[in-house]
Each structure stands twice: as structure tokens, then as C-alpha cells.
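1. Give me a model of this one.
(chains A and B)
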Amino acid sequence: MKTLLKKEFKFSANALSYIFLAAAFMTFFPGYPILCSAFFVSMGIFYTFQSAREGNDILYSALLPVKKGDVVRARYIFVVVLELIAFVLMTAVTLCRMFFMSNAAPYVNNALMNANFMSLGFSLLVFTVFNCFFVGGFWKDAYKIGIPFLASSIATFVIIGIAETLHHLPGLEALNTPLGMLEIQLPLLAVSAIIYIVATLISCRMSVKSFERIDLTL
Amino acid sequence: MEKVLEINELCKTYPGFALKNISFSIEKGSIMGFVGRNGAGKSTTLRSILNFVHPDSGSIKIFGMEFKNSEDVIKQKVGYASSGTDYYPRKTLGQIIECTKMFYPTWNDSVCSHYLDKFNLDPSKKICQLSEGMKVKFHLVLALSHGAELLILDEPTSGLDPVSREELVIIFKKLAKQGVTILFSTHITSDLEKCADHITYIKKGEILASKSTESFLADYAPAITTLEDIMVHLEIEEEE
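-> Below you'll find the model as predicted:
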């Protein structure tokens, strides 16, 4: 598995997957739907799937002395590691905004979602949707990337729409406070983290099963 | 003699085509020619051996093991080369070698350099800059460098010039003497006459014969003496 991971990160990965990690810093943007940063990070990961498919990576990997299931697991670990790096960067930017910049004019007058623990929770949900719809969808035939990415993108924008709407509803304003109502925001972040972990594990397990079932064409 | 590959009653049905009860085995150090027309089921059989295609029924044992339980162990001992198949066309041969060797504890750099030189392959070239024949040679370099004990070759000589084909035939004979087992699908039957110990003939998804080359040729002698003529005879006979 260690060797497969080395291959994923050094050999198969598209450079754009790493470059798009910088989208995590979009969390600084005021007046911009900050959850789009998670979407752009996942789009960066999409490029690795695209270039790996163009490179016939599935054939190459299937010929290597590894279990077929490990090929899938290694790719999931690659995806999760990039998402977690992005999440750490987003968390750093969010903490910066929460503790040092919350009184800055562009953030005070921000009509859109603020950077807080709630937005971090929603970012994890964006990654969850990507892992289930796109990554899970890809391994159904280990070839198609268009439809899974479309499905993933639609689900992502539904989540972004919900996140951007919720705090405008009466009684839910607390979800948008940069440094308040932590007793609500932190548990919701924890719930999002649990959903991310459980859904990604289930998606990985289902992908291993479907990849082991499909017939590979050379 | 130790059996390296044993296929028993292998069946796989596709719409419009089926492999029916494919059974044959190969002994260590032998070269088996897997012969049949285009679409007869050669590649599907080879893909089943590699676990790329999942049979509906039947069993495949490689070195006495089944893929289900020992996939990674089996693949350490198996090399595959095929014409018309490539991966990472924009990477250089050197990059692919560097990545591939990480997976094989048995990888031998001097063997790799030897065959790269022998086949005139430049490691700084990209896969997309190679001809089909050169790609097959590169796949062979990878297989030989990790000391594969079973080589599965799908039409390896079909894109090669006569000199390169002759070179390969000599290499195959040498490898077989060293105990490497070779399963070699082709319809260029003249290559098989030079090196194959056994012939397995497949027609419309069924094995017609699997026996020693002498015995296979003897079945049609004296009227027909070459594999090519036997193939034509077997295929035309039905059409008539």
C-alpha cells in the first residue's frame, strides 16, 4: 500500500490537484461564497482522475503486483489526504478571520456566509458529496468521469445553496456569527466530520467491491 | 513436470460470444503458442488469466494459487506484454521504469539496462514516441527486469519487423531454458514453429487441441505441414 501511495502522489497525480489546494485561501474572500473553495479543491482532484484515465492508469495499476482493491483504496487515500490538507488550510484561514479579522469592514458587511466552524462543517459536506458521487461513481466502471462529476457538482451547489440560505432564516442567524454560539456550531462541525468519515468509508468499500466485479478492457 | 498454469472448464459469456469450457495447462520452462483467428477468444482467455475478465465459471491456477487469495503474489511472478496496449503515453520510459521497479523486490537494474540496450530503447523517450513494436519490447523489458517466471504475451510479434521477431524468438528460447514459462498468443504462426513446444488452438471460444507441437503437426501430416496451412484448413473447412 505504501508503494501504491507513492505512485499515486508522485507518478499519477496531476499537478493541478496540488495547485488547486491554494483554493483553500479563497476562504479569505469577502462577499464570495466561501464553500466554493472546497468545490475548487475537489475540482483539482478531478484533474488527477482525468489525466490518470487518459494515461490508462487502471491498466497499469492492475498489472502491478498489488491487489485490485488496494488500487481503489490508494486512490481514496490520495483524495482524502488532499481534502484534509485543504481542510487544515481552510481552518487556519477561518481561525484567522474569526479571531483577528472579524471586525474588518469587508467581513462585517458580508452578506454571504462568514468563515466560522459552521462553514468548515459545510466544507466537509462538500468533500463528502465529492467522495460519494464523483469518486464512488468513477469506480462503478473505472472509466466514466463526466456524469459522476456532474452529479457531484449539482449536489455540491445544492449544499452551498442550503448553507448560504440557512443563516438568513429567522432563528438561524447564530449559524453565521464568526465568534459566537459555539455550543451550536462546534457540535454541528463534529456531526459533519462524522458524516464525512462514515460516508467516505462506505463509498470506498462499495468502490472496492464494484472495481473487483468489473471486467477491464485493455 | 511442475504445472505453472492450469485452466479448467473456464466459461465466460458475452452477448454474441462465449468462451466454452476452456481447459489447458502449461509446464514450467515451456513455450505454448496460443493460436486462433481474430475474435476466437485468445485475448479474453489471456485477460481471464490476469484476472482482468471475471469468468462465469471454471478455475485458473497460477503456480498452484488462485487470484482470489494470492493476487499480489501471483502478479510478482507474471509478466505481460501486448501489442496495441499502452499506458502513460506522455511519460518517459525512465519514469515508468522508476515507478514500476518500486513494486518488485526482485527488480534487476542490470537486466533492465541490458534489454533496453538490446532493444535500442532510449529511457528518455516518451511512450507516445515509440512504434507499436517498440512498445511491446518495452513491456517485455519491464517483465524481464523483475524476473517474471510466467510471461503472458498477447500478439507480441504482430507489430515487429522480421529481424526483431527473430530476436524475440531467440530470447524466448533462452528464457525457456532458464525455466521461464511463456504463453504466447499470435496468428503469425511461423514464429511459433521456431520456438513453441506446445500449441493450443482455439476456435469460436472452444479449444480444438492442446498438445505438443510435434503431435499437433503430426495430426495433419503429411497432407498439411505448416501451422499456417493447418490454421487455414481448420478455419476454411467450416466455412465451406
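
2. What count of nearby residues applies to A:N131?
-> If you count neighbours by other CB atoms under 10 Å in any protein chain shown, A:N131 ends up with 25. All C-beta spots, glycine's among them, are computed from the backbone N, C-alpha and C.

3. check contacts around the closest residue to it other than its chain neighbours.
-> Spatial nearest neighbour of A:N131, excluding adjacent residues (CB to CB, 6 or more residues apart in numbering or on different chains): A:T200 at 4.6 Å. Applying CB atoms under 8 Å, 6 or more residues apart in numbering or on different chains to A:T200 gives the contacts A:76, A:80, A:128, A:131-132.

4. Most neighbours among these, which one is it?
-> Ranking these using other CB under 10 Å puts A:N131 first, with 25 neighbours.

5. pretty sure it is in contact with A:S203, am I right?
-> Yes. Because the distance of 5.3 Å satisfies CB atoms under 8 Å, A:N131 is recorded as touching A:S203.

6. any common contacting residues for those two?
-> The contact lists of A:N131 and A:S203 share A:Y76, where a contact means CB under 8 Å, 6+ apart.

7. Let's see which of the contacts of A:T200 end up in helices.
-> Among those, the residues falling in helices (DSSP state H) are A:76, A:80, A:128.

8. ok so, going back, can I get the contacts of A:T200 in a markdown table with distance to A:F157?
-> Putting those into a markdown table (distance: CB to CB, whole Å) gives the following:
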| residue | distance to A:F157 |
| --- | --- |
| A:Y76 | 23 |
| A:V80 | 22 |
| A:T128 | 14 |
| A:N131 | 16 |
| A:C132 | 15 |
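
9. In CSV, list those residues along with pLDDT.
-> Output for the contacts of A:T200, formatted as CSV (pLDDT from 0 to 100):
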residue, pLDDT
A:Y76, 96
A:V80, 97
A:T128, 97
A:N131, 97
A:C132, 96
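
10. just those now: which is nearest chain B?
-> Nearest to chain B among the contacts of A:T200: A:Y76, at 18.4 Å, using CB to the nearest CB.

11. ok, that closest one touching A:I202?
-> No. If you go by CB under 8 Å, A:Y76 and A:I202 don't touch, sitting 11.2 Å apart.

12. Which positions in chain B make contact with chain A?
-> Selection of chain B residues close to chain A by CB under 8 Å from any CB of the partner chain yields B:43, B:47, B:50-54, B:71-73, B:75-76, B:80, B:82, B:84-91, B:95, B:99-100, B:102-104, B:154.

13. Extract the C-alpha set from the helix or strand of chain A at the bottom of the mean pLDDT ranking and format it as CSV.
-> Within chain A, confidence by mean pLDDT, DSSP states H and E is lowest for helix A:105-108 among all helices and strands, at a mean of 70. Extracted as CSV, the C-alpha positions of helix A:105-108 are listed here (Å, rounded to 0.1, in the frame of the first residue of the first chain):
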residue,chain,number,x,y,z
ALA,A,105,-15.2,46.2,7.3
PRO,A,106,-15.4,43.8,4.3
TYR,A,107,-16.3,40.9,6.7
VAL,A,108,-18.7,42.9,8.9
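
14. I'd like to check what contacts that helix. Which residues are they?
-> A:30-31, A:97, A:101-102, A:114, A:178.

15. Now rank those by neighbours and give me the top one.
-> A:R97 (23 neighbours).

16. distance of it from A:E164?
-> 17 Å (CB to CB, to the nearest Å).

17. where does chain A come near chain B, residue by residue?
-> Residues of chain A lying near chain B (CB under 8 Å from any CB): A:3, A:6-7, A:10-11, A:55-57, A:59-60, A:62-68, A:70, A:213, A:215-218.

18. now, which of the residues you listed lie within helices?
-> Going by DSSP H, the helices hold A:3, A:6, A:57, A:59-60, A:62-63, A:68, A:70, A:213 from the residues of chain A next to chain B.

19. Write the ChimeraX selection for whichever of these are buried.
-> Buried residues within those, by 16 or more other CB atoms under 10 Å in any protein chain shown, are selected in ChimeraX with:
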select /A:3,57,59,60,62,63,68,70
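
20. Now pLDDT and distance to B:D229 too, for the ones in helices among the residues of chain A next to chain B, in TSV please.
-> Shown next, in TSV, are these (pLDDT from 0 to 100; distance: CB to CB, whole Å):
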residue	pLDDT	distance to B:D229
A:T3	89	49
A:K6	93	52
A:D57	93	43
A:L59	89	36
A:Y60	91	39
A:A62	88	38
A:L63	89	36
A:K68	88	42
A:D70	92	48
A:R213	87	43
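
21. Can you pick out the most distant pair from the ones in helices among the residues of chain A next to chain B?
-> A:K6 and A:R213 (27.2 Å; CB to CB).

22. Done for today, thanks.
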